[in-house]
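**Q** structure for this input, please:
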Amino acid sequence: MVTDKLDGLYREHLQVMMRRADRVLGECGFDALVVHAGSAPTQFLDDQDYPYKVNPHFKAWVPITDNARSILVYRPGSKPKVLFHQPDDFWHKPAPIPQGAWTREVELLALPQPSEASAHWVKLGRTAFIGPPGEFDAAEAGAVNPAQLLNLLHFDRAIKTPYELECLRRASHLAAHGHSAARAAFDAGESEFTTNMRYLEACQAREEDLPYHNIVAYNENAATLHYQHLDRVKPRLLRSFLIDAGAQYRGYASDITRTYAADVGVFSDLVAAVDAVQQDLCQEIVVGRDFREVHLTAHRQLGDLLHRIKLIDVGGQDALELGLTNVFFPHGIGHLLGLQVHDVGGIMGNSAGAERQRPEGHPYLRLTRMLEPGVVVTVEPGIYFIDTLLARAKSDARRAHIDWALVETLHPFGGVRIEDDVATSAAGPENLTRNAFAACAS
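**A** Okay, the predicted model is just below:
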């Protein structure tokens with residue numbers, strides 16, 4: 001029998017989760033913890049549910065991502081108990097009780113009726129509840145999602161266990177296969193819709209299995225940062241392709257972006273230049289680095305790039321100070337990654353929840369913390385030609401520093417973004433994304 005190394009890593013991960021919970025419950029004055037997996041909300045005036053997304057606090061304990069209304073119960077000193085929702089239902093097929101090796105580490109019980117769940121914690125003492133408030137009885141409302149407890153858990157969650165890091169690596173490998181298939185579809189001249197379908201097929205996933213809706217953007221559509229449509233008709237002229245798409249493994253996400261030019265020329269040169277900047281920035285993901293400084297370095301380097309191609313007439317530092325880089329790079333350089341794509345705790349200065357301020361003039365940065373061992377972040381510089389931001393720059397003093405003729409040349413391509421997932425380690429940055437692409441190509 002082949003044993004997946006995740007079996008041992010999960011056992012160690014669960015011990016970390018229990019130690020963290022013991023400490024946090026003690027600090028907050030609770031005797032036990034109940035974590036609800038959540039359920040899918042029902043559509044208005046209908047009996048159909050929206051796609052279900054599991055509570056990330058639940059899947060941090062157990063790799064159950066697709067069984068709504070399940071509940072985890074934990075009391076310090078005891079084995080975690082998983083109440084696995086398994087109703088008597090002839091409209092839908094109930095999920096089978098999991099059989100994986102990880103199940104030996106928990107007490108796994110079938111839960112036919114959610115109303116029976118409270119019997120498992122009613123005698124445990126003062127209990128903290130985590131999950132959607134509507135899932136708990138009114139009598140429990142005072143202890144649902146207590147702020148102090150959540151702050152402590154969220155601050156800790158930035159530091160990934162070896163199990164979590166391995167899940168994140170495998171999520172990157174899944175996404176790399178999808179990206180390769182999408183690139184092939186673009187090269188074959190397929191539509192955005194068909195390219196997205198090729199991605200899903202390569203990942204063997206449905207859209208609801210992904211950590212976020214894929215961004216599959218051709219030409220000018222790449223200038224919309226969270227472009228949400230999928231054109232079913234191929235454009236008359238294919239110029240560029242930006243794909244921002246991830247995958248999940250045991251509930252852990254990858255988040256990867258690539259940009260391609262249809263032909264060699266000024267835009268393909270820009271893609272290569274942004275890629276070089278991005279790889280330099282990945283080398284800054286080291287223990288002890290202030291992520292705010294990584295963000296500002298990105299602006300300086302992108303400003304220098306814009307100056308080299310003569311899109312602006314000042315260097316990177318001046319471009320940063322004048323707000324020129326914000327015209328072309330309006331978002332943050334990255335964010336925490338893990339159980340959620342934009343994982344929690346990114347701007348926490350400490351475990352009490354105090355905010356660590358973003359640099360002035362950079363309101364969209366999602367991560368301001370010092371980097372510690374075991375942190376996983378995205379690194380995603382970009383240069384875009386966004387109509388609203390260009391219009392604002394045309395109306396103020398920045399207008400004089402921009403070559404508007406070159407803007408018009410590049411505008412039909414939409415924009416460039418290159419994004420990798422990178423982990424801090426004692427040996428230096430571990431680029432989960434580049435490693436996954438290399439393995440996929442071999």
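
**Q** start and end of stretch 354-371, how far apart?
**A** 17 Å (Cα to Cα, to the nearest Å).

**Q** should've said stretch 309-319
**A** 14 Å.

**Q** in it, what counts as buried?
**A** Neighbour-count burial for stretch 309-319 flags 311, 312, 314, 316, 318, 319 (criterion: 16 or more other Cβ atoms under 10 Å). (Each C-beta comes from the backbone N, C-alpha and C, glycine too.)

**Q** and it, how far from the chain's centre?
**A** Distance, stretch centre to chain centre, for stretch 309-319: 31 Å (Cα atoms, centre = their mean, to the nearest Å).

**Q** ok, residues contacting that stretch?
**A** For stretch 309-319, the surrounding residues in contact (Cβ atoms under 8 Å, 6 or more residues apart in numbering) are 269-270, 273, 299-307, 322, 324-325, 328, 401-403, 406-407, 410.

**Q** please repeat the previous calculation with a cut-off of 10 Å.
**A** Contacts with stretch 309-319, where a contact means Cβ atoms under 10 Å, 6 or more residues apart in numbering, come from 266, 269-270, 273, 296-308, 320-322, 324-329, 383, 385, 398, 400-407, 409-410.

**Q** follow-up on the earlier one: which ones among the buried residues of stretch 309-319 map onto helices?
**A** 316, 318, 319 (DSSP state H).

**Q** and the pLDDT at the second one?
**A** At residue 318 the predicted local confidence, pLDDT, stands at 98.

**Q** so what pairs up with the closest residue to residue 48 other than its chain neighbours in the strands?
**A** Leaving aside its chain neighbours, residue 48 sits nearest to residue 42 (7.1 Å; criterion: Cβ to Cβ, 6 or more residues apart in numbering). Here residue 42 shows beta-bridge partners residue 49, assigned using DSSP bridges.

**Q** residue contacts, residue 42?
**A** Shown in contact with residue 42 (Cβ under 10 Å, 6+ apart): 48, 49, 50.

**Q** by neighbours, which of those residues wins?
**A** Among the contacts of residue 42, residue 49 has the most neighbours (other Cβ atoms under 10 Å), with 13 neighbours.

**Q** look at residue 190 and report its pLDDT.
**A** The score at residue 190 is 97. That number is its pLDDT.

**Q** go through the lengthiest helix in the chain and flag the buried ones.
**A** Of all the segments of type helix in the chain, defined by DSSP H, the longest one is helix 162-187. Within helix 162-187, the residues that qualify as buried are 162-183, 185-186, counting by 16+ other Cβ under 10 Å.

**Q** residue 127 touches residue 32, doesn't it?
**A** Yes: applying Cβ atoms under 10 Å, one finds residue 127 in contact with residue 32, separated by 4.5 Å.

**Q** intersection of neighbour lists for these two?
**A** Common contacts of residue 127 and residue 32, defined by Cβ under 10 Å, 6+ apart, comprise 25, 73, 74, 75, 121.

**Q** which one of the residues you listed is nearest to residue 59?
**A** residue 74 (14.4 Å; Cβ to Cβ).

**Q** dump the residue contacts of the residue most central in space within the chain.
**A** Closest residue to the average C-alpha location of the chain: residue 341 at 1.4 Å, with Cα atoms, centre = their mean. Going by Cβ under 10 Å, 6+ apart, residue 341 touches 210, 211, 212, 246, 248, 253, 254, 255, 335, 378.

**Q** now with 7 Å, please.
**A** 211, 212, 246, 253, 255 (Cβ atoms under 7 Å, 6 or more residues apart in numbering).

**Q** report the secondary structure state of it.
**A** Under DSSP: H, G, I helix; E, B strand; the rest coil, residue 341 falls in the coil class.

**Q** confidence score at it?
**A** What the model reports for residue 341 is a pLDDT of 97.

**Q** gap between it and residue 315?
**A** 34 Å (Cβ to Cβ, to the nearest Å).

**Q** what does residue 77 give?
**A** Distance from residue 77 to residue 315, by Cβ to Cβ: 61 Å.

**Q** now residue 374
**A** Taken as Cβ to Cβ, the span from residue 374 to residue 315 is 36 Å.

**Q** what about residue 232, neighbour count?
**A** 9.

**Q** okay, and the nearest residue in space to it that is not next to it in sequence sits in which element?
**A** Nearest non-adjacent residue to residue 232, counting by Cβ to Cβ, 6+ apart: residue 193, 4.4 Å away. Per DSSP states H and E, residue 193 falls inside helix 192-203.

**Q** what does residue 304 give?
**A** helix 291-308.

**Q** for that helix, what is the distance to the chain centroid?
**A** 23 Å.

**Q** which elements pack onto it?
**A** Applying 3 or more Cβ pairs under 7 Å, 6 or more residues apart in numbering; DSSP states H and E, one finds that helix 291-308 contacts helix 266-282, helix 316-322, helix 325-328.

**Q** now, of those, which is deepest in the fold?
**A** Of the helices and strands packed on helix 291-308, the one with the most neighbours on average (mean count of other Cβ atoms under 10 Å) is helix 325-328, at a mean of 24.

**Q** can you name the element that comes right after that helix?
**A** strand 376-379.

**Q** for that next one, name the packing helices and strands.
**A** Counting contacts by 3+ Cβ pairs under 7 Å, 6+ apart, strand 376-379 packs against helix 266-282, strand 420-423.

**Q** recalculate using a threshold of 10 Å.
**A** helix 162-187, helix 266-282, helix 291-308, strand 420-423, helix 432-441 (3 or more Cβ pairs under 10 Å, 6 or more residues apart in numbering; DSSP states H and E).

**Q** what are the buried residues along the last one?
**A** This points to helix 432-441. In helix 432-441, counting by 16+ other Cβ under 10 Å, buried: 432, 433, 434, 435, 436, 437, 440.

**Q** so how far is that helix off the chain centroid?
**A** Averaging C-alpha positions (Cα atoms, centre = their mean) puts helix 432-441 18 Å from its chain's average.

**Q** hmm, who's touching it?
**A** Residues from elsewhere that reach helix 432-441 (Cβ under 10 Å, 6+ apart): 165, 168-180, 202, 247, 254-258, 279, 282, 337, 376, 378-379, 418-423, 431.

**Q** before we move on, back to that, would JSON lines of the helices and strands packed on helix 291-308 with distance to residue 231 be doable?
**A** What follows is the helices and strands packed on helix 291-308, written out as JSON lines (distance: least, Cβ to Cβ, whole Å):
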{"stretch": "helix 266-282", "distance to residue 231": "20"}
{"stretch": "helix 316-322", "distance to residue 231": "34"}
{"stretch": "helix 325-328", "distance to residue 231": "25"}
